[in-house]
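[1] Here is my input, please return the structure:
(chains A and B)
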Amino acid sequence: MSFPWAKEYKPSHPFMVWMDEKLPLPRLVYNAVGGGYEVPRNINYLWNFGFLAGLCLVIQIVTGVVLAMHFGGDTRVAFDSTEHIMRDVNWGWMLRYGHANGAAAFFAVIYMHIFRGFYYGSYKAPREMIWLLGVVIFLLMMATAFMGYVLPWGQMSYWAAQVITGLFSAIPLIGDPLKEWLLGGFAPDNATLNRFFSLHFLLPFVILGVVILHVWSLHIPGSSNPTGVEVKTESDTVPFYPYFVAKDGWTIGVFMIVYGMFVFFMPNALGHPDNYIPANPMQTPAHIVPEWYFWPFYAILRSFTQNFLIFDAKLLGVMAMFAAILVWFFLPWLDKSPVRSATYRPLYRKFFWVLVIDVLILGYLGGAPAEQPYVLISQLATMYYFLHFLVIVPIVSSIERPDPLPFSITEAVLGHDRAAASDAQG
Amino acid sequence: MIRIISILTGLFFTVALLWSLALDSIQLSKDGLPHTAAHAFGEHKLKPLKLASDGAFGKFDKAQLQRGFAVYQNVCSACHSIKQVSYRSLTALGYNEVEVKAIAAAATINAKDPLTGEMKDRPGLPADKFPPVLYAGTGTPPDLSLITKARHGGAAYVYSLLTGYKDSQPAKLVEHFPDAKTPEGMFYNPYFANLNIAMTPPLTADGQVTYSDGTPATVDQMAKDVSAFLVWTAEPELEKRHQTGVWWLGFLLFVTVLAYMSYRNVWAEKKGH
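    Sure, this is the predicted structure:
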């Protein structure tokens, strides 16, 4: 699974030799994130977000497990036990703000990771499986984040649960029974809170499992790189340790600084004030909005306002919202261009940047109230979103004339391969 | 094949959206953009409020918190609770233990009698939380423990609302939006979400609360002080959070610079990163 020139794990201490025979765990680590994993030397800082996403998952699990020790998963005490954590538990405020902002950080990092994939064609053969597992992780993250947001049982928690489970009622025939089954009642209540707490504890470990598969499947073809040209020779790669341990290491510091600025100095900047009001089933908030990381999808949901043919407007919105992510599963087969990196795809590159702007506009609209003129704009933006993935990408990939590719990674880095030979020796 | 299905799916969503877009546009051309009294006459810019707790190095002004607590006790607490707050935490305002005991003892707490198991009224203890407040009028005055976190604009909103009451509505408002006319028993306040609020103007006269530190108790001062106090009830951890954050950033800046230097060092002989 690795390149022939990758260093082999050679234990020297007798204990490590013994260990390697019985349970080659150190060998696994060495080949995964140590000197045994050869990485393209030219990967840029956008490749750091995968490692940061793993760090975010660890932060969420560690803070989350401790928070769960103090939280009461019962509608009568959930809101107050959250305040108990904030006021009476030692460093509880840091755990909770760290967890809430950690979720936001996780999504910010993941969006960078996903859009890096869009730009550099990381989803293309031979890396389809890595991409598919990544989309699964993203879906699991969305479910986990949503259920976590319900737990403090504030106004937005309650009404988010109401709205999101209500989406399922749009499904013909089985919709209403399905919604009641999901909620454990006719409206969000104690049964809902309990199951969400249970699943919110479980799903991060499922995510961890899929992350392991994601990294495993990554190690078969190895990391992609900004040229999209596959690794050819030894001079194209450097070992993960020490090169990328050092590079990831200092960006962790940068990440922690930004994260800390939110946690310590503006912990509520990304949250909605209404979630500091205890849940009240009798009072609907003026604007029900999810957290910022769901805004683009929320805008897509709300842009279908009229029934069309046999389809109910709400059903169309729900279908579109799920389709917005499901199309990512098909991307490896919709984009037929043999060139991976948008650096060498002049036409695709332009549409990529239009997509970025489009998603940012959708994000803004998803946080805005559901009134005009926001709805009209989100209809146009949603239209572009689907046209991009379902029409533009397939067509562009057949008609585009890509720019000439470099012969190898080394050539892209050093200008020519002969310099590479001397570089490899020196 | 997959690409034909994909293009057809894309076109289906596009046509469905165009259909929504067309019908919505017709509707919009009939109705025009939404226009409510709150859009037109609401105060969307809050009055500026500077507090000692603002900013990365912000700390509470204990004297101000005590004054704000006095305003809460004498005015707000008639209708609003702060049930997330414990009496014992009042030491953060600069009260000593004896004073905290006295403040708690002045309150009546309905709690289980440990001897008989019956619910009984007794004087408060520092371990108690502020009791719920029963409000006899119509409506439900919100608990104020978290109010500065539960409203857009936070403390500046509380300050603006308290000092933002107007004696009468603008004539144009009533003319254009007859539905927004202040109902009997309510009050016009352009800082409130729907302009008409049920709360009687709470701070009406200078000197309404007697300050023990000699600060002149103007309406403006009382509103500022109680807003500062409510920042503390919502975020009692604020000072510690700021201090920890400064340490966090300082430490990480140092470590990150070191990590960056070691990264440069590791890569010194390699090109292409």
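[2] A:Y30 contacts A:Y9, correct?
    Yes. Taking contact to mean CB atoms under 8 Å, the distance of 4.2 Å between A:Y30 and A:Y9 places them in contact. (Each C-beta comes from the backbone N, C-alpha and C, glycine too.)
[3] I'd like to know which residues of the stretch 51-200 of chain B are adjacent to chain A.
    Residues of the stretch 51-200 of chain B lying close to chain A (CB under 8 Å from any CB of the partner chain) are B:56, B:84, B:86, B:89, B:142, B:145-146, B:149-152, B:193.
[4] Is it possible to mark the buried ones in these?
    Buried by 16 or more other CB atoms under 10 Å in any protein chain shown: B:84, B:86, B:89, B:142, B:145-146, B:149-151, out of those.
[5] Now render those residues as TSV, adding distance to A:I130 and pLDDT.
    Shown next, in TSV, are these (distance: CB to CB, whole Å; pLDDT from 0 to 100):
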residue	distance to A:I130	pLDDT
B:Q84	47	96
B:S86	51	96
B:S89	51	96
B:P142	50	94
B:S145	48	96
B:L146	44	97
B:K149	41	96
B:A150	43	96
B:R151	45	95
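[6] Now intersect those with the strands, please.
    Assigned to strands by DSSP state E, none of those qualify.
[7] List just the nearest of those residues to A:F51.
    Taking CB to CB as the measure, B:K149 is the one of those closest to A:F51, at 33.6 Å.
[8] ok, now which ones touch the closest one?
    For B:K149, the set of contacting residues under the criterion of CB atoms under 8 Å, 6 or more residues apart in numbering or on different chains consists of A:268, A:273, A:276, B:234-235.
[9] Most neighbours among those, which one is it?
    Neighbour counts for the contacts of B:K149 peak at B:A234, which has 25 neighbours (criterion: other CB atoms under 10 Å in any protein chain shown).
[10] what's around A:R96, how many residues?
    Neighbour tally, A:R96, other CB under 10 Å: 23.
[11] ok, now A:L203?
    So A:L203, with other CB under 10 Å, has 17 neighbours.
[12] now do A:S198
    For A:S198, the neighbour count with other CB under 10 Å is 12.
[13] Relative to A:L139, how far out is it?
    19 Å (CB to CB, to the nearest Å).
[14] And for A:K124?
    Summarising the geometry, the distance separating A:K124 from A:L139, computed by CB to CB, is 21 Å.
[15] With neighbour numbers in mind, choose between the two.
    In terms of neighbours (other CB under 10 Å), A:K124 is the more surrounded of A:K124 and A:L139; the figures are 22 against 17.
[16] Show the contacting residues for the residue in the stretch 101-250 of chain A positioned nearest to chain B.
    Of all residues in the stretch 101-250 of chain A, A:W250 sits closest to chain B, at 3.7 Å by CB to the nearest CB. Applying CB under 8 Å, 6+ apart to A:W250 gives the contacts B:256, B:259-260, B:262-263.
[17] Make sure it is indeed in a helix.
    Yes. Checked against DSSP: H, G, I helix; E, B strand; the rest coil, A:W250 lies within a helix.
[18] Now the residue of the stretch 1-150 of chain B found nearest chain A. Nearest residue, chain neighbours left out?
    Residue nearest to chain A within the stretch 1-150 of chain B (CB to the nearest CB): B:G10, separated by 2.9 Å. Here the nearest residue to B:G10 in space, its sequence neighbours aside, is A:L390; by CB to CB, 6 or more residues apart in numbering or on different chains that works out to 2.9 Å.
[19] my hunch is that that neighbour is in a helix, does that hold up?
    Yes. In this structure, A:L390 lies within a helix as judged by three-state DSSP.
[20] any idea of the pLDDT on it?
    According to the model's per-residue confidence, A:L390 sits at a pLDDT of 95.
[21] just the one 5 residues further on next, same as before
    Looking at A:I395, its pLDDT is 94.
[22] quick one on the thing from earlier: now the contacts of A:W250 in JSON lines, with pLDDT?
    Putting these into JSON lines (pLDDT from 0 to 100) gives the following:
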{"residue": "B:T256", "pLDDT": "97"}
{"residue": "B:A259", "pLDDT": "97"}
{"residue": "B:Y260", "pLDDT": "97"}
{"residue": "B:S262", "pLDDT": "95"}
{"residue": "B:Y263", "pLDDT": "95"}
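[23] Among those, which lie within helices?
    Using DSSP state H to define helices, the subset of the contacts of A:W250 located there is B:256, B:259-260, B:262-263.
[24] By neighbour count, which of these wins?
    In terms of neighbour count, B:Y263 stands highest of the ones in helices among the contacts of A:W250 at 22 neighbours, by other CB under 10 Å.
[25] what's near enough to touch that residue?
    Taking CB under 8 Å, 6+ apart, we find B:Y263 in contact with A:246-247, A:249-250.
[26] ok, now how distant is the spatially most central residue of chain A from A:V356?
    Nearest to the mean C-alpha position of chain A, by CA atoms, centre = their mean, lies A:I110 at 3.4 Å. A:I110 sits 15 Å away from A:V356 when distances are taken as CB to CB.
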